[in-house]
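Q: pasting the sequence and the predicted model now:
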Amino acid sequence: MTGGCLSAEQPTAMTEVTPSLAADTSSSLPRGWTSNDAMMVFFQIAGLIDTNALNPLPVAESVRNSIDHLLSSIDPYAEYLSPDEYQQWMAARKESYAGVGMDLRERTGRGGVICIPYPDSPALAAGIREGDLLLEVDGEPVGNLRAREVALMIRGQPHSEVTLTFQRQGLPPTSVPIRRTPQRSRTVSLHNIEGTPALRIFAFEPSTPSEILDALNRSLSGSVLLIDISGNQGGDLYAAIDAARMFLDEEQEIVTVEGRKGQRVWRTENPGVLRDTSVRILVDRHTASAAEVFAAALLGNSRARLFGEPTYGKGLTQHVFSLTDGGALILTDGHLLGPSGLEWNRIGLPVSGSASDLLTEITE
């Protein structure tokens with residue numbers, strides 16, 4: 001089960017991935033599948049096209065087109081990965097990589113991908129800013145590609161060069177060469193803003209909860225903690241749940257996942273080690289999915305207030321199913337709700353004030 005982001009550097013967020021990454025479907029087909037009249041008609045038409053059409057497509061291409069059309073019609077986050085694509089996707093999650101330090105987000109309903117560069121990254125140094133529209137990678141248009149595909153184009157050998165063409169609203173396109181560098185493996189950094197500890201969480205991965213504890217054990221001082229998850233597109237749902245546990249008291253609701261087979265509620269069992277720390281959370285329009293789970297858990301239990309901009313609004317989970325051909329199907333299978341039924345899908349989480357209001361509050 002995944003909770004939401006897709007990194008241009010380490011494509012995860014179809015991710016928001018569960019400990020068992022893929023469910024094996026090789027031994028079961030939908031009940032009644034072989035006797036379903038509609039499916040039989042589909043296969044009959046496919047066979048007639050293959051044997052009689054004047055300009056038939058190769059069977060594999062016809063099947064892929066049909067699958068892609070079906071998935072896009074029912075689920076904007078669903079995707080079929082061919083065996084090669086699935087292997088690349090899996091490798092990207094396990095291996096070290098070199099890139100430009102940038103996440104990508106697909107523009108819902110309009111096509112294209114939006115840039116979200118990390119702080120102190122090669123992409124940011126080259127002039128790319130959050131919200132810029134990525135047009136080309138090394139001269140190849142990317143407007144009709146999925147973010148996962150664009151991410152693989154951007155990655156490459158350490159210290160090699162990639163040219164990105166992007167456009168900022170109201171300005172002409174700009175092309176910049178960027179040297180790929182090995183990217184961080186850590187998901188957390190800690191610094192101070194006017195004497196207040198500021199914890200930046202770039203993404204939620206299995207290591208994130210322990211990274212949070214390590215950072216705060218070294219440097220936490222004072223009674224207020226600022227957590228910055230702006231630009232955080234999510235990641236591992238369970239990592240977000242475990243991170244939220246640290247800030248909550250015992251027997252508090254974290255998140256509910258509703259699916260076709262019912263619902264599951266995650267609650268804390270014991271008091272969290274950071275339950276007495278006063279928390280402010282900075283979010284923006286790119287804060288999504290598992291990051292929203294974390295923010296909603298603290299907001300819904302009155303443990304934190306949110307500042308910045310209303311969040312993206314992705315309250316859905318995806319699961320990765322392995323297929324008999326060696327490929328995989330990524331499919332939305334759950335609806336996320338915060339404490340007391342807090343809803344944010346398509347509407348985002350509300351904020352108490354702007355980023356400037358937050359700075360004013362912590363410096364007073």
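A: Everything's here; your move.

Q: CA only for contacts and neighbour counts going forward, please
A: OK.

Q: so where's the stretch 1-150 of the chain shaky on pLDDT?
A: 1-35, 93-96, 109 (pLDDT under 70).

Q: quick one: the strands in it?
A: Assigned by DSSP state E, counting those that start in this stretch, the strands in the stretch 1-150 of the chain fall at 22-24, 79-81, 98-99, 102-106, 113-117, 133-137, 140-141.

Q: so which of those gets nearest Gly235?
A: Within the strands of the stretch 1-150 of the chain, the stretch nearest Gly235 is strand 102-106; the backing value is 11.6 Å (CA to CA).

Q: may I have the strand ranked longest in the chain as CSV, with CA atoms only?
A: Using DSSP state E to define each element, the chain has its longest strand at strand 328-337. Extracted C-alpha coordinates of strand 328-337, given in CSV (Å, rounded to 0.1, in the frame of the first residue of the first chain):
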residue,chain,number,x,y,z
ALA,A,328,3.0,-5.0,-12.2
LEU,A,329,-0.3,-3.2,-11.7
ILE,A,330,-0.5,-0.1,-9.5
LEU,A,331,-4.1,0.4,-8.4
THR,A,332,-5.9,2.7,-6.0
ASP,A,333,-7.4,0.5,-3.3
GLY,A,334,-8.1,2.7,-0.3
HIS,A,335,-9.5,6.0,0.9
LEU,A,336,-7.8,7.8,3.7
LEU,A,337,-9.5,9.5,6.6
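
Q: ok, now which ones touch Asp68?
A: Glu79, Tyr80 (CA atoms under 8 Å, 6 or more residues apart in numbering).

Q: ugh, wrong one, I meant Gly326
A: Contacts of Gly326 by CA under 8 Å, 6+ apart are Ser82, Pro83, Tyr86.

Q: the last one - how many residues pack around it?
A: This means Tyr86. Using other CA atoms under 10 Å, Tyr86 has 17 neighbouring residues.

Q: over to the first one?
A: Ser82 has 16 neighbours, counted by other CA under 10 Å.

Q: I'd like the contacts of Gly326 laid out as JSON lines, including distance to Gly131.
A: Formatted as JSON lines, these follow (distance: CA to CA, whole Å):
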{"residue": "Ser82", "distance to Gly131": "30"}
{"residue": "Pro83", "distance to Gly131": "32"}
{"residue": "Tyr86", "distance to Gly131": "28"}
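
Q: doesn't Ile362 lie inside a helix?
A: Yes - assessed by DSSP: H, G, I helix; E, B strand; the rest coil, Ile362 belongs to a helix.

Q: and for it, the neighbour number?
A: Ile362 has 15 nearby residues by other CA under 10 Å.

Q: okay, now the spatially closest residue to it that is not a sequence neighbour: neighbour count?
A: Using CA to CA, 6 or more residues apart in numbering and skipping residues adjacent in sequence, the residue nearest Ile362 is Thr196, 7.1 Å away. Using other CA under 10 Å, Thr196 is surrounded by 18 other residues.

Q: any chance of the strands of the stretch 1-150 of the chain in a markdown table, plus mean neighbour count?
A: Below are the strands of the stretch 1-150 of the chain laid out as a markdown table (neighbours: other CA atoms under 10 Å):
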| stretch | mean neighbour count |
| --- | --- |
| strand 22-24 | 15 |
| strand 79-81 | 20 |
| strand 98-99 | 24 |
| strand 102-106 | 24 |
| strand 113-117 | 24 |
| strand 133-137 | 21 |
| strand 140-141 | 14 |
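
Q: could you dump those into CSV and include distance to Lys314?
A: Output for these, formatted as CSV (distance: least, CA to CA, whole Å):
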stretch, distance to Lys314
strand 22-24, 21
strand 79-81, 17
strand 98-99, 26
strand 102-106, 12
strand 113-117, 16
strand 133-137, 20
strand 140-141, 27
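
Q: for Gly127, which of these is the nearest?
A: From those, taking CA to CA, the stretch that ends up closest is strand 113-117, at 9.6 Å.

Q: mind giving me the packing neighbours of that closest one?
A: strand 102-106, strand 133-137 (3 or more CA pairs under 8 Å, 6 or more residues apart in numbering; DSSP states H and E).

Q: out of those, which comes closest to Thr287?
A: Between the helices and strands packed on strand 113-117, strand 102-106 lies closest to Thr287; by CA to CA that is 10.7 Å.

Q: what does stretch 162-176 contact?
A: Counting by CA under 8 Å, 6+ apart, 126, 128, 131-139, 154, 177-180 sit against stretch 162-176.

Q: between the residues you listed, which sits nearest Ile362?
A: Gly131 (27.2 Å).

Q: in contact with the closest one, which residues?
A: If you count contacts by CA under 8 Å, 6+ apart, then Gly131 has Ile114, Cys115, Ile116, Arg168 around it.

Q: how about the residues you listed, which pair is most distant?
A: Going by CA to CA, the pair spanning the contacts of Gly131 furthest: Ile116 and Arg168, at 12.4 Å.

Q: between those two, which contacts overlap?
A: Taking CA under 8 Å, 6+ apart as the criterion, Ile116 and Arg168 both touch Gly131, Asp132.
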